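Student: I would like the atomic coordinates for the input below:
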Amino acid sequence: MKIIYYDCFSGISGDMNLGAMIDLGVDKKYLTDELDKLNLKGWELIAVKDQRHGISGIKVTVKQTRHEHAHRHLSDIEKIVNNSTLDNKTKELSMKIFMKIAVAEALVHGISIDRVHFHEVGAIDSIIDVVGAAICYNKLNVDGVHVSTVELGSGFVKCDHGKLPVPAPATVEIIKGIPVKKGGVDFEAITPTGAAILAALGTDFSPDLRIKIEKTAYGVGQKDPHDVPNLLRVFLGETVSDSDSGHDALLLECNIDDMNPEFFEYISDRLFKAGASDVFYSNIMMKKGRPGIMLSVICENELADVVKNIIFSESTSLGIRTFPFRKDTLVRKFETLKTVYGDVTVKRSFHKEKEVSCKPEYDQCRQIAAEKGIPVKEVYNNIMASIINH
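Tutor: So this is what the prediction gives:
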């Protein structure tokens, strides 16, 4: 598999990630042209060669060209991303990263996701960092992202909430489940944005990795300590053994027999927006011969409390069953294919590096069918023919 390997010996921040991606080969003009699709004014992306301890890399700074004091909610971020002209893959990945931060902030402050008030992360530079990460990841077209043990740093950091211990509480929530170490440097080594990028993109956090390195890149940080170079090192390469695509996840279930069925769609929507991997319903027969519905939700371990809160607050369920299980998934790779309808995204799936399926994205097929006024099955079949003949 073609992978990116994040070597976070000095942590990671959003700007360090962009620097590493540009140093890895993502063209700066391409990146800025894509970021312009956000229709955000008042910023400039500065990327320059720099070095730490004699190691050269790219240092990125998002310079604000006009004063902004915007504290955005998640809904404000969604509007910016969804109203942009970015492709759907980039929109979805951007919101996945932002959702990691929103869930963490909600847990730390004891509020709902909708009430989370983005401070630093809602500023233009952080929006550029997050969306830029999604753009670069999709541009590199890799099969997976492996992450080393992450340095957290030490000391305290100042933010809108005051002086907080390193790592910041939201960062701690985001990196749950990711191997970390502390005290290697005396500053905030990993920011909430950097943590969210790793949590959203990372597919493997195991220490045992064999990789054939094709290219090494460095993102230069804003600090220059004497002991450890403030760098994010990134490798682009191929694994030399089969990748383990499995990880631990949770299945949450509850039985419902006394709720207006019109509510189910809204509950599903809320659960998916909160980051659930899947939501589905099964017809069941309950006690005394009463028909009912079993709601099943698959999610990552760190989302358990958020999912339970949505189920209890939105449904009539009085109890939830929680089952830990191992989730094995195929490695997926997205590609753009030229068809009679123009460029269409297709999803290729691999098991042990062997392709087992390839199909177009349904949402694009539906959009084309609606625009052309033809059956969606006709669009799907024509694109599948293009895939076979490609």
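
Student: continuing past the biggest helix by length in the chain, what's the next helix or strand?
Tutor: Using DSSP state H, we find that the single longest helix of the chain is helix 88-109. Counting by DSSP states H and E, the next helix or strand C-terminal to helix 88-109 is helix 124-140.

Student: Only C-alpha atoms, please: export that next one in PDB.
Tutor: Presented in PDB, the C-alpha positions along helix 124-140 are these (Å, rounded to 0.1, in the frame of the first residue of the first chain):
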ATOM      1  CA  ILE A 124      -9.300  31.900   9.400                       C
ATOM      2  CA  ASP A 125      -5.800  30.400   9.900                       C
ATOM      3  CA  SER A 126      -7.200  27.300  11.500                       C
ATOM      4  CA  ILE A 127      -9.800  26.900   8.900                       C
ATOM      5  CA  ILE A 128      -7.100  27.100   6.200                       C
ATOM      6  CA  ASP A 129      -5.000  24.500   8.200                       C
ATOM      7  CA  VAL A 130      -7.900  22.000   8.400                       C
ATOM      8  CA  VAL A 131      -9.300  22.400   4.900                       C
ATOM      9  CA  GLY A 132      -5.700  22.500   3.500                       C
ATOM     10  CA  ALA A 133      -5.000  19.200   5.300                       C
ATOM     11  CA  ALA A 134      -8.000  17.600   3.500                       C
ATOM     12  CA  ILE A 135      -6.900  19.000   0.100                       C
ATOM     13  CA  CYS A 136      -3.400  17.800   0.500                       C
ATOM     14  CA  TYR A 137      -4.400  14.300   1.600                       C
ATOM     15  CA  ASN A 138      -6.800  13.800  -1.300                       C
ATOM     16  CA  LYS A 139      -4.100  15.200  -3.700                       C
ATOM     17  CA  LEU A 140      -1.500  12.700  -2.600                       C
END
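
Student: what separates it from the chain centre, distance-wise?
Tutor: With CA atoms, centre = their mean, to the nearest Å as the basis, helix 124-140 stands 10 Å off its chain's centre.

Student: Kindly report the same for stretch 261-278.
Tutor: With CA atoms, centre = their mean as the basis, the mean position of stretch 261-278 lies at 19 Å from the chain mean.

Student: repeat for stretch 331-351
Tutor: Remark: stretch 331-351 is offset 20 Å from the chain centroid, using CA atoms, centre = their mean.

Student: Relative to residue 47, how far out is the residue lying farthest from the centre of the chain?
Tutor: Relative to the centre of the chain, and counting by CA atoms, centre = their mean, the farthest-placed residue is residue 288 at 44.9 Å. Separation of residue 288 from residue 47 (CB to CB, to the nearest Å): 67 Å. Heads up, the C-betas are built off the backbone N, CA and C, glycines and all.

Student: Could I get the phi/psi values of residue 66?
Tutor: The phi/psi pair for residue 66 (degrees, to the nearest 10) reads phi -150, psi 150.

Student: actually residue 235, sorry about that
Tutor: In terms of degrees, to the nearest 10, the main-chain angles of residue 235 are phi -110, psi 140.

Student: Please apply the same query to residue 224.
Tutor: Per degrees, to the nearest 10, the backbone of residue 224 is at phi -140, psi 70.

Student: To what extent is it buried, counted in neighbours?
Tutor: 12 (other CB atoms under 10 Å).

Student: Now stretch 362-373: average pLDDT?
Tutor: For stretch 362-373, the mean per-residue pLDDT is 91.

Student: same thing with stretch 11-19?
Tutor: Averaging pLDDT along stretch 11-19 yields 97.

Student: same question, stretch 49-62
Tutor: In this model, stretch 49-62 has a mean pLDDT of 96.

Student: For the stretch 201-350 of the chain, just list every one of the helices.
Tutor: Here the stretch 201-350 of the chain has its helices, by DSSP state H, counting those that start in this stretch, at 263-273, 304-314.

Student: Just put the ones you listed in TSV and tack on distance to residue 36, mean neighbour count and mean pLDDT.
Tutor: Below are the helices of the stretch 201-350 of the chain laid out as TSV (distance: least, CB to CB, whole Å; neighbours: other CB atoms under 10 Å; pLDDT from 0 to 100):
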stretch	distance to residue 36	mean neighbour count	mean pLDDT
helix 263-273	27	16	93
helix 304-314	34	17	94
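
Student: Could you report the separation of residue 13 from residue 73?
Tutor: For residue 13, the distance to residue 73 equals 23 Å [CB to CB].

Student: The two: which is more packed in?
Tutor: For residue 13 versus residue 73, neighbours defined as other CB under 10 Å are more numerous around residue 13 (27 against 16).

Student: correct me, but the more buried one touches residue 223?
Tutor: No - between residue 13 and residue 223 there is no contact under CB atoms under 8 Å: 9.7 Å.

Student: Kindly report the domain assignment for the protein.
Tutor: As recorded under automatic domain parsing, the domains making up the chain are 2-239, 246-328, 331-389.

Student: okay, the ones you listed, which one's buried deepest?
Tutor: Of all the domains of the chain, domain 2-239 has the most neighbours on average by mean count of other CB atoms under 10 Å, namely a mean of 19.

Student: gap between that domain and the chain center?
Tutor: With CA atoms, centre = their mean as the basis, domain 2-239 stands 10 Å off its chain's centre.

Student: I figured residue 99 hits residue 276, correct?
Tutor: No - Residue 99 lies out of contact with residue 276 (CB under 8 Å); the separation is 10.6 Å.

Student: Where does pLDDT dip in the stretch 151-300 of the chain?
Tutor: Scanning the stretch 151-300 of the chain for pLDDT under 70 picks out the ranges 160-161, 208, 241-245.

Student: 80 instead?
Tutor: Residues of the stretch 151-300 of the chain that meet the criterion pLDDT under 80 lie in 159-162, 206-210, 240-247.
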